[in-house]
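Asker: Curious how this folds, go ahead:
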Amino acid sequence: MTEKFKILANYIKDVSSETKDIETFLFVKDNISKYQLFIDITSKALKNKLIEVNTILKFEDKEPNEKKSYYEIVYSTVIRINENIKEKKELERIILCDVPTKIYPELEKTFLNLLHSSGHQGIKLEKKVDFNKLYNEKFN
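Answerer: Take a look at the predicted model:
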């Protein structure tokens, strides 16, 4: 069986770490356990069976308080789809499941470096993300 897609490039498209002031930093340091990881995936068709897949990680506090930090990374992956892939469902699975699963270990490492460099050395992303499970929950 031939591969359904080939990764041609990976890069950080955008990265953000926002902490307003030292009071916010100290507050967040004490309350970072309340922060949650949010994931979004977008895609854009390019020429010649190429697709740009953007995997977005946001780490933020959804509680309504004034003192909060915000962390986000947009990790872009350019893939070439195998010419035999014709079904929309199969393409969806590649974009929302297969590509993120393949690139996630590197993305997670990069995102954790951002959090650690932002002064939160003890942060770990507890749960491993199961993109197959997320995909199945969304579409089944």
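
Asker: Can you list the residue ranges for strands in the protein?
Answerer: Under the criterion DSSP state E, strands of the chain are mapped to 5-18, 36-45, 50-60, 70-81.

Asker: export these to JSON lines and tack on mean pLDDT and mean neighbour count?
Answerer: For glycine as for every other residue, the C-beta is placed from the backbone atoms N, C-alpha and C. Formatted as JSON lines, the strands of the chain follow (pLDDT from 0 to 100; neighbours: other CB atoms under 10 Å):
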{"stretch": "strand 5-18", "mean pLDDT": "96", "mean neighbour count": "13"}
{"stretch": "strand 36-45", "mean pLDDT": "94", "mean neighbour count": "13"}
{"stretch": "strand 50-60", "mean pLDDT": "96", "mean neighbour count": "19"}
{"stretch": "strand 70-81", "mean pLDDT": "97", "mean neighbour count": "20"}
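
Asker: Export those to JSON lines and append columns for distance to residue 24.
Answerer: Converted to JSON lines, the strands of the chain look like this (distance: least, CB to CB, whole Å):
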{"stretch": "strand 5-18", "distance to residue 24": "9"}
{"stretch": "strand 36-45", "distance to residue 24": "18"}
{"stretch": "strand 50-60", "distance to residue 24": "13"}
{"stretch": "strand 70-81", "distance to residue 24": "10"}
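
Asker: Which of those strands sits closest to residue 107?
Answerer: Among these, the nearest to residue 107 by CB to CB is strand 70-81 (4.7 Å).

Asker: elements contacting the closest one?
Answerer: Strand 70-81 is packed against strand 5-18, strand 50-60, helix 99-117, with contacts defined by 3 or more CB pairs under 8 Å, 6 or more residues apart in numbering; DSSP states H and E.
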